[in-house]
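S.K.: structure of the sequence below:
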Amino acid sequence: MRWSDRNIEIKTPEQIRLMRVAGLLVGETLELLRDAVRPGVTTGQLDALAEDNIRSHGGIPSFKGYSHPPFPGTICASVNDEVVHGIPGSRELAEGDVISIDCGAIVDGWHGDAAITVAVGEVPADVQELMRVTEESLWRGLAAARLDGRVSDISHAIESYVGSQGGYGILEEYTGHGIGTEMHMPPNVPNYGRRGRGPRLVEGMALAVEPMVTLGGKRTTLLEDEWTVVTGDGSWAAHYEHTFTLTQTGTWVLTAVDGGRERLAALGVPFGG
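M.R.: Residues are numbered from 1 along each chain as shown. Below you'll find the predicted structure:
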């Protein structure tokens, strides 16, 4: 794991407020999609719903046309053993599936990025627990962030919580990241590691934290579409993500509709919005 403090974008308070506009649009879009998930809906229909909501509120989808080959969707729609970067299309969701939905939006040049995993109807108990553990590990990671701390404090908190809950796999090849005027920026935010390492957490830094956890191992395979990442052993996966920042008063989750106030309070963390 290689760390660097170079090229980390530090924002002014006004720029962070602009990021909140983008983040809130992402959070609201994901809630719209959560409500739309049901048996028989296609991942392409979810994608169209996301694009319409983002554009109708003055945003631009971050993912559409990104990188090479250009990503064709507004959302990443990853089903069951697909961990991340699933391409939306004609696939119909079925009772008992899980879908991880990753969404990004740009507003006035600033990015927001977040992800949720949603059960399609009733899912097995071990899958439901996987979802709970993964989401809780995200919030444990956010709760571990403090001004003058280190990026790996987040990483360590995620890994420690997941490890305490059972024999889950944590992806190591794919990480969280800095975010701001671009979607992916330094520094990387791994979901494992020892605390006290990496760049210092300072006011004006914005990070996207995104644990990706499986019911099996950590190995993955990239499909021929050059985007979809599946588990190497066929086990199901969950993925949650939020963009956040630290202020003098606490933690502000820019992509949570309430700014993270409720979940942070439950963990004893002051709200910084």
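S.K.: who's in contact with Thr181?
M.R.: Under the criterion of CB atoms under 8 Å, 6 or more residues apart in numbering, the neighbours of Thr181 are Glu9, Gly109, Trp110, His111. Any C-beta I mention is one placed from the backbone N, CA and C, and that applies to glycine too.
S.K.: grab the nearest non-local neighbour of Lys11.
M.R.: Excluding the flanking residues, the one nearest Lys11 by CB to CB, 6 or more residues apart in numbering is Gly204, at 4.7 Å.
S.K.: give me the neighbour count for the one you found.
M.R.: Counted with other CB atoms under 10 Å, residues neighbouring Gly204 total 16.
S.K.: returning to what we had before: nearest to Met19 among the contacts of Thr181?
M.R.: Of all those, Met19 sits closest to Trp110, with 4.7 Å by CB to CB.
S.K.: quick revisit: report the separation between the residue nearest to Lys11 and Gly112.
M.R.: Between Gly204 and Gly112 the distance, using CB to CB, to the nearest Å, works out to 16 Å.
S.K.: again with Trp227
M.R.: To Gly112, Trp227 is 21 Å away according to CB to CB.
S.K.: more neighbours: the two, which one.
M.R.: For Trp227 against Gly112, the residue with the higher neighbour count under other CB under 10 Å is Gly112, and the figures read 30 against 20.
S.K.: ok, the residue of the chain positioned farthest from its centre - contacts?
M.R.: For the chain, the C-alpha farthest from the mean C-alpha position belongs to Gly40; by CA atoms, centre = their mean, that distance is 25.2 Å. Contact partners of Gly40, counting by CB under 8 Å, 6+ apart, are Glu92, Leu93.
S.K.: just Arg55 next, same as before
M.R.: Arg55 is in contact with Pro61, counting by CB under 8 Å, 6+ apart.
S.K.: and the helix or strand hosting it, what's buried?
M.R.: Using DSSP states H and E, the secondary-structure element containing Arg55 is helix 43-56. Of all the residues in helix 43-56, those buried under the rule 16 or more other CB atoms under 10 Å are Thr43, Gly44, Gln45, Leu46, Asp47, Leu49, Ala50, Glu51, Asn53, Ile54.
S.K.: next: stretch 168-185.
M.R.: Within stretch 168-185, the residues scored as buried using 16+ other CB under 10 Å are 168-172, 174-180, 183-185.
S.K.: equivalent analysis for stretch 17-32, please.
M.R.: Within stretch 17-32, the residues that qualify as buried by neighbour count (16+ other CB under 10 Å) are 18-30.
S.K.: dump those to JSON lines, plus distance to Val127.
M.R.: Formatted as JSON lines, the entries for the buried residues of stretch 17-32 read as follows, by distance: CB to CB, whole Å:
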{"residue": "Leu18", "distance to Val127": "38"}
{"residue": "Met19", "distance to Val127": "33"}
{"residue": "Arg20", "distance to Val127": "33"}
{"residue": "Val21", "distance to Val127": "34"}
{"residue": "Ala22", "distance to Val127": "31"}
{"residue": "Gly23", "distance to Val127": "28"}
{"residue": "Leu24", "distance to Val127": "29"}
{"residue": "Leu25", "distance to Val127": "29"}
{"residue": "Val26", "distance to Val127": "25"}
{"residue": "Gly27", "distance to Val127": "24"}
{"residue": "Glu28", "distance to Val127": "26"}
{"residue": "Thr29", "distance to Val127": "24"}
{"residue": "Leu30", "distance to Val127": "20"}
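S.K.: same list, those, but as CSV with distance to Glu159, pLDDT and secondary structure please.
M.R.: Written out in CSV, the entries for those read as follows (distance: CB to CB, whole Å; pLDDT from 0 to 100; DSSP: H, G, I helix; E, B strand; the rest coil):
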residue, distance to Glu159, pLDDT, secondary structure
Leu18, 32, 98, helix
Met19, 27, 98, helix
Arg20, 29, 98, helix
Val21, 32, 98, helix
Ala22, 29, 98, helix
Gly23, 25, 98, helix
Leu24, 29, 98, helix
Leu25, 31, 98, helix
Val26, 26, 98, helix
Gly27, 25, 98, helix
Glu28, 30, 98, helix
Thr29, 29, 98, helix
Leu30, 25, 98, helix
